[in-house]
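Visitor: need a structure here:
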Amino acid sequence: MRKLHLISFFMFGLLLTACAASQPDVSLETTEFDFGDVINGVIMEKDLMIRNIGTADLIVDTVTTTCGCTTAYLDLMTIPEGGIATLHIAFDSGAHGEELTGEVMRQVILISNDPKEPEATVQFVANILPPE
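Guide: Okay, here's the model as predicted:
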């Protein structure tokens, strides 16, 4: 009987270890980039690859930005183990009016079920030039 309890305890431990090891893991193609010089009024776009290098589905709950001048969406909100999704980012350099010039910094934030990085951030900069 004691042997049966030990085997059961061992099997339960293996099951817990296997469940704990199955986790999503977000991996961003880059965490920052530079649009460079942008004439005020031009809309800049960039696509980035988001990978799930974990062993469970990565579920992205929310994609948000730090400013209304930036929009972003993910083409796949549930990324399977080993899967890839595309993050589409658009920045409207003229959203704040013709007077805005100089360097600006914005962020795109992905909120997911990744236990190690529940908020993954992509940051970009742009140097806004006066309209022509």
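Visitor: show me where the protein has strands.
Guide: Secondary structure of the chain (DSSP state E): strands located at 26-28, 32-39, 43-52, 58-65, 70-74, 78-79, 84-92, 102-112, 119-129.
Visitor: bridging residues for E103?
Guide: Counting by DSSP bridges, E103 forms beta bridges with N127.
Visitor: ok, it touching S93?
Guide: No - counting by CB atoms under 8 Å, E103 stays clear of S93, with 11.5 Å between them. Just so you know, the C-beta spots here come from the backbone N, C-alpha and C atoms, and that holds for glycine as well.
Visitor: what's the overlap in contacts for those two?
Guide: Taking CB atoms under 8 Å, 6 or more residues apart in numbering as the contact criterion, the common neighbours of E103 and S93 are 126, 128.
Visitor: ok, those two, which is more surrounded?
Guide: Per other CB atoms under 10 Å, whichever of E103 and S93 has more neighbours is S93, with 22 against 9.
Visitor: which non-adjacent residue is nearest G68?
Guide: Once flanking residues are discounted, G68 sits nearest to A95: 6.5 Å by CB to CB, 6 or more residues apart in numbering.
Visitor: make sure the one you found is actually in contact with T71.
Guide: No - A95 lies out of contact with T71 (CB under 8 Å); the separation is 10.0 Å.
Visitor: centroid-nearest residue for the chain?
Guide: Nearest residue to the geometric centre of the chain (CA atoms, centre = their mean): L110, 4.0 Å.
Visitor: tell me how far it lies from P131.
Guide: L110 sits 32 Å away from P131, taking CB to CB, to the nearest Å as the criterion.
Visitor: again with G83
Guide: Going from G83 to P131 by CB to CB gives 41 Å.
Visitor: do T70 as well
Guide: Distance, T70 to P131, using CB to CB: 19 Å.
Visitor: more neighbours, the two?
Guide: T70 (19 against 14).
Visitor: show me what that one is bridged to.
Guide: With DSSP bridges applied, T70 shows beta-bridge pairing to F91.
Visitor: thought it was touching V108?
Guide: Yes - using CB under 8 Å, T70 makes contact with V108 at a distance of 6.8 Å.
Visitor: what sits against L129?
Guide: Residues in contact with L129 (CB under 8 Å, 6+ apart) are 37-40, 101.
Visitor: perfect, that will be all.
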